[in-house]
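> sequence? don't have it. structure:
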């Protein structure tokens with residue numbers, strides 16, 4: 001059995017930004033996102049429904065994820081605070097998630113999804129341990145709990 005997690009706290013450490021300054025005409029839409037800090041790496045990532053990504057943290061890097069399509073549950077915990085709670089929230093297409101350093105995070109995909117991963121710094125897969133530390137925030141037997149919690153949203 002595992003602990004029931006606190007849901008979407010007001011003071012969450014993961015910031016979600018909705019697109020702004022929407023412009024729409026016969027050609028389509030433009031949605032803008034204002035970013036702080038530099039970005040020198042953009043990864044285009046696809047994820048299958050019910051797959052899990054992350055279960056890690058970044059000691060020094062802030063990570064920004066712009067969900068292009070799909071939906072996922074973001075589970076996160078502030079490792080810089082001794083008694084920090086595990087929190088979670090729904091990320092939907094168009095949301096920009098900003099995850100500060102030292103926040104353990106896991107993504108559980110409710111639908112096939114595509115997102116852009118935007119960071120400043122090294123993200124070379126061959127040097128994984130230099131920028132990413134594995135941290136099993138969500139255990140395998142807990143995945144269905146989160147899927148069921150958010151499946152109707």
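Looks like it arrived, so ask away. Owing to the predicted nature of the structure, the values given are computational and were not obtained by experimental measurement.

> so where do the helices sit in the protein?
143-150 (DSSP state H).

> which parts of stretch 139-152 are buried?
142, 143, 145, 146, 150 (16 or more other Cβ atoms under 10 Å). C-beta coordinates here come from the backbone N, C-alpha and C atoms, glycine included.

> how close does the fourth one sit to residue 24?
This means residue 146. 34 Å (Cβ to Cβ, to the nearest Å).

> find the nearest non-adjacent residue to residue 132, please.
Using Cβ to Cβ, 6 or more residues apart in numbering and skipping the chain neighbours, the partner closest in space to residue 132 is residue 56 (5.0 Å).

> show me what contacts the one you found?
Applying Cβ atoms under 8 Å, 6 or more residues apart in numbering, we find residue 56 in contact with 104, 105, 132, 133, 134, 135.

> so what's the residue count around the third one?
Spelled out, that is residue 132. Neighbour count of residue 132, defined by other Cβ atoms under 10 Å: 18.

> with the fifth one instead?
Here the count is done by other Cβ under 10 Å, and residue 134 has 12 residues near it.

> and the first one, by the same measure?
Applying other Cβ under 10 Å, we find 23 residues neighbouring residue 104.

> who's it bridged to?
Applying DSSP bridges to residue 104 gives these bridge partners: residue 77.

> now do the fifth one
Beta-bridge partners recorded for residue 134 (DSSP bridges): residue 56.

> and of the contacts of residue 56, the nearest to residue 63?
Relative to residue 63, the closest of these is residue 105; by Cβ to Cβ it sits at 7.8 Å.

> might one say that the closest one is in contact with residue 78?
No: when contacts are counted by Cβ atoms under 8 Å, residue 105 is not listed as touching residue 78 (10.3 Å).

> more neighbours: which of those two?
Per other Cβ under 10 Å, whichever of residue 105 and residue 78 has more neighbours is residue 105, with 24 against 20.

> what's that one in contact with, if anything?
When contacts are counted by Cβ under 8 Å, 6+ apart, residue 105 touches 14, 54, 56, 57, 63, 74, 75, 76, 77, 99, 137.

> low-scoring stretches of this protein, by residue?
Applying pLDDT under 70 to the chain picks out residues 1-12, 153.

> so which residues of it form strands?
Assigned by DSSP state E, the chain shows strands spanning 6-7, 15-17, 20-25, 28-32, 41-47, 52-57, 63-69, 71-78, 87-92, 96-99, 103-109, 113-119, 133-134.

> done for today, thanks.
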